[in-house]
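Asks: Sequence and predicted structure are below.
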Amino acid sequence: MASHGSSVVSSSAVENSLSSLKNCQAYIDTGMDITTVVALDLVQNGCDPTDVDNLESVMLEYAALNRDLNQYISAVEETVRKVKRDPPDEVPDLKSLVDTTYAAKQRKNSDESLKKNDKFLQFKEQLRDLRKQMGVPQDSRDQASDDDEDIAVTQSIANFTCPITQMEMVNPVKNKECGHTYEKEAIEKMIQRRHQQKKNARCPKIGCDVSDMNESHLVPDTALRRAIEVHKKQSQTKQ
């Protein structure tokens, strides 16, 4: 009985340590968010693309830390559950058991899997969207020709217009279901009004098939908002 009691205490101590590990996850998330903001600032200010590439490497390092931390937490949780389910006759070496489980998880890792990290994917998507809105070529980041720049500006101005208000957006949000963007206040009011009428809210973009929108489908379109800000500054400079 005494040995089993000690085992329970040891398991409890390990479980308590999980909260500290999970706090580290929040720090990693914050680091990735800050790195994304800095990268967007660099693109917006026309900095050397190499600097942005370096931040992409930083994001992959964060993704690796996040993956390793998640796997270690998972190894700890699995070990504790196993010990509780089948209590051994002697006090187990929990660290050794956790290390064995963790090592098994690590052997399945690949560098390619890091690029599937949610925040890394968001990082790439926001950079791609911002470059597109600013008329920066996606495949080659060399300076675009004057004709290409004119076309990009014309397309961007069209993209800046809310399909509801027909005015340039200030706080754009994107519909995760179809990718269309709207002014936040306008689309939220439209959805609320339709729901109060017991009706589905259709995407107001002409030709869109999404017929049942909810506010949960909306996410801030950071890249578009930055592109709008750049366009405004450029317009003020030319005046």
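Replies: Looks like it arrived, so ask away.
Asks: Ignoring the adjacent residues along the chain, who's closest to the residue nearest the centre of the chain?
Replies: The chain has Lys119 as the residue nearest its centroid, 3.4 Å off, counting by C-alpha atoms, centre = their mean. Leaving out its chain neighbours, the residue that sits closest to Lys119 by C-beta to C-beta, 6 or more residues apart in numbering is Met32, at 4.4 Å. For the C-beta atoms, the positions are set from N, CA and C on the backbone; glycine is no exception.
Asks: next one: Ile28
Replies: In space, Ile28 is closest to Asn66, 4.9 Å off (C-beta to C-beta, 6+ apart).
Asks: Where does pLDDT dip in the protein?
Replies: Counting by pLDDT under 70, the chain contains low-confidence ranges at 1-16, 91, 135-158, 234-239.
Asks: all strands of the chain, in order?
Replies: For the chain, applying DSSP state E gives strands covering 172-175, 181-183, 218-220.
Asks: Would you mark the buried spots in the longest one?
Replies: With burial defined by 16 or more other C-beta atoms under 10 Å, the residues of strand 172-175 counted as buried are Pro172, Val173, Lys174, Asn175.
Asks: And for it, what's in contact with it?
Replies: With contacts defined as C-beta atoms under 8 Å, 6 or more residues apart in numbering, strand 172-175 is touched by 162, 180-184, 187, 203, 210, 213, 217-221, 224-225, 228.
Asks: what about 6 Å?
Replies: Strand 172-175 is contacted by residues Thr181, Lys184, His217, Leu218, Val219, Pro220, Asp221, Leu224, Arg225 when judged by C-beta atoms under 6 Å, 6 or more residues apart in numbering.
Asks: Same question for the last one.
Replies: Strand 218-220 has contacts (C-beta under 6 Å, 6+ apart) with Val173, Lys174, Lys176.
Asks: Out of those, which is nearest to Ser19?
Replies: Within the contacts of strand 218-220, the smallest distance to Ser19 is 31.4 Å, found for Lys176 (C-beta to C-beta).
Asks: Surely that closest one and Ser216 touch.
Replies: No - if you go by C-beta atoms under 6 Å, Lys176 and Ser216 don't touch, sitting 8.6 Å apart.
Asks: For these two, indicate the residue with more neighbours.
Replies: More crowded of Lys176 and Ser216, by other C-beta atoms under 10 Å: Lys176, with 11 against 8.
Asks: contacting residues around that one?
Replies: Shown in contact with Lys176 (C-beta under 6 Å, 6+ apart): His217, Val219.
Asks: any idea how far Thr36 is from the residue nearest to Ile28?
Replies: 14 Å (C-beta to C-beta, to the nearest Å).
Asks: Please apply the same query to Ala103.
Replies: For Ala103, the distance to Thr36 - C-beta to C-beta - is 32 Å.
Asks: Show me where the chain has its helices.
Replies: Secondary structure of the chain (DSSP state H): helices at 2-44, 49-85, 94-106, 111-114, 118-134, 146-160, 184-196, 222-238.
Asks: Neighbour count: Ala103 and Thr36, which is higher?
Replies: Ranked by neighbour count (other C-beta under 10 Å), Ala103 and Thr36 place Thr36 first, with 20 against 11.
Asks: so the more buried one sits right up against Gln122, yeah?
Replies: No - counting by C-beta under 6 Å, Thr36 stays clear of Gln122, with 7.1 Å between them.
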